[in-house]
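Student: Structure, please.
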Amino acid sequence: MALPNDNRIIIVIGAGLAVLAAVVLALVFGSGREPSDEAPPAARGGLTVSLADAPGLEPTRALRCFVDGQFVGMATLTECAQRNGLATDALDVGLDESGNLAAAPTAAFSPPPAVPEIDITELDPMLPEALPAEPSRPVVKQASGSACLRYSGSDWRTLSGNMGLNACVQALYAGTCVRPGDAQYGRWGETTLRLVPRRVEQSDDNSRFRVLADQDRDCQFPGLG
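Tutor: Presented below is the predicted three-dimensional model:
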């Protein structure tokens with residue numbers, strides 16, 4: 001016996017409501033589940049860590065540890081510092097040549113080069129000529145800046161005979177990052193500049209360094225303008 005048209009409409013509407021209710025219940029109960037620990041497929045291709053992110057790592061995480069420039073195995077930051085006989089904050093953390101997270105003493109692979117012997121009168125023709133009768137007379141820096149030099153790995157090369165400190169740092173290191181344990185050196189007047197992971201440092205005696213400016217993940221120095 002055929003059902004009246006009104007009964008058919010009621011059955012269709014009821015079925016639709018039942019499906020809608022099932023969907024709502026699935027969403028409600030599904031949202032309360034614990035999130036899965038499994039990484040999403042897009043994140044399984046490998047770990048990439050920026051040098052700027054390295055300080056936020058868990059202290060218990062194992063890294064590739066270098067001592068005297070040699071890989072000595074996996075260790076936490078604290079353990080690696082102990083193997084080097086240093087404080088934890090004396091280690092540079094970043095990606096090594098193989099692309100793995102590594103820790104090494106600051107500038108362990110690149111100690112400071114010897115201070116250059118430079119005749120400043122050859123760098124800037126506007127500077128007064130040296131006085132041979134007074135060899136011990138101190139050189140007075142011009143207010144606008146000092147000589148800026150880069151160490152190329154074998155010798156010193158002059159970028160400018162007269163440049164401000166911030167401009168010198170930008171000219172030397174903007175857009176450049178180094179691996180943990182490595183360093184790049186420069187000079188601004190009588191000050192040694194050193195680029196290490198995440199920062200550039202300065203030293204008045206070519207031995208003891210202090211932070212001059214922090215470097216961001218794009219290898220830039222926003223604090224220097």
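
Student: What segments of this protein are strands?
Tutor: Ranges of strands in the chain, per DSSP state E, are 63-67, 70-75, 91-95, 101-105, 146-151, 156-163, 184-188, 191-196, 199-203, 210-214.

Student: The first one pairs with which strands?
Tutor: Under the criterion DSSP bridges, strand 63-67 sits next to strand 70-75 (antiparallel), strand 101-105 (parallel) in its sheet.

Student: okay, those, which one's buried deepest?
Tutor: Mean neighbours per residue, mean count of other CB atoms under 10 Å, is largest over the strands paired with strand 63-67 for strand 101-105, with a mean of 24. For the C-beta atoms, the positions are set from N, CA and C on the backbone; glycine is no exception.

Student: Please enumerate residues in contact with that strand?
Tutor: 47, 49, 54, 57, 61, 63-66, 69, 75, 77, 80-81, 84, 86, 90-96, 179-181 (CB atoms under 8 Å, 6 or more residues apart in numbering).

Student: For that strand, give the mean pLDDT please.
Tutor: Averaged across strand 101-105, pLDDT comes to 94.

Student: Relative to Gln215, how far out is the closest residue to Phe109 other than its chain neighbours?
Tutor: Closest residue to Phe109 apart from its sequence neighbours, by CB to CB, 6 or more residues apart in numbering: Gly181 at 4.6 Å. According to CB to CB, to the nearest Å, Gly181 and Gln215 sit 16 Å apart.

Student: circling back: so which of the strands of the chain comes closest to Pro116?
Tutor: Pro116 lies closest to strand 156-163 among those, at 4.1 Å (CB to CB).

Student: helices or strands next to that closest one in the packing?
Tutor: Using 3 or more CB pairs under 8 Å, 6 or more residues apart in numbering; DSSP states H and E as the contact test, the elements touching strand 156-163 are strand 146-151, helix 165-173.

Student: helices or strands up against the longest one?
Tutor: Judged by 3+ CB pairs under 8 Å, 6+ apart, the packing partners of helix 165-173 are strand 146-151, strand 156-163, strand 184-188, strand 191-196.

Student: Of the contacts of strand 101-105, just the buried ones, PyMOL syntax please.
Tutor: This is the PyMOL syntax for the buried subset of the contacts of strand 101-105, where burial follows 16 or more other CB atoms under 10 Å:
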select buried, resi 54+63+64+65+66+75+77+80+81+84+91+92+93+94+95+96+179+180+181
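
Student: I'd like to check which residues are in contact with Thr88.
Tutor: Here Thr88 is in contact with 77-78, 81 (CB under 8 Å, 6+ apart).

Student: cool, and Asp214?
Tutor: Neighbour list for Asp214: 198-199, 221, 223 [criterion: CB under 8 Å, 6+ apart].

Student: Enumerate every residue touching Thr76.
Tutor: When contacts are counted by CB under 8 Å, 6+ apart, Thr76 is found next to 59-63.

Student: do the same with Asp204
Tutor: Asp204 makes contacts with 190-192, as judged by CB under 8 Å, 6+ apart.

Student: tell me the pLDDT at it?
Tutor: The model's pLDDT for Asp204 equals 96.

Student: what about it, distance to Leu63?
Tutor: For Asp204, the distance to Leu63 (CB to CB) stands at 32 Å.

Student: thinking again about what came up before, quick one: which of the contacts of Asp214 has the most company?
Tutor: Neighbour counts for these were taken using other CB atoms under 10 Å; the highest belongs to Arg198, with 23 neighbours.
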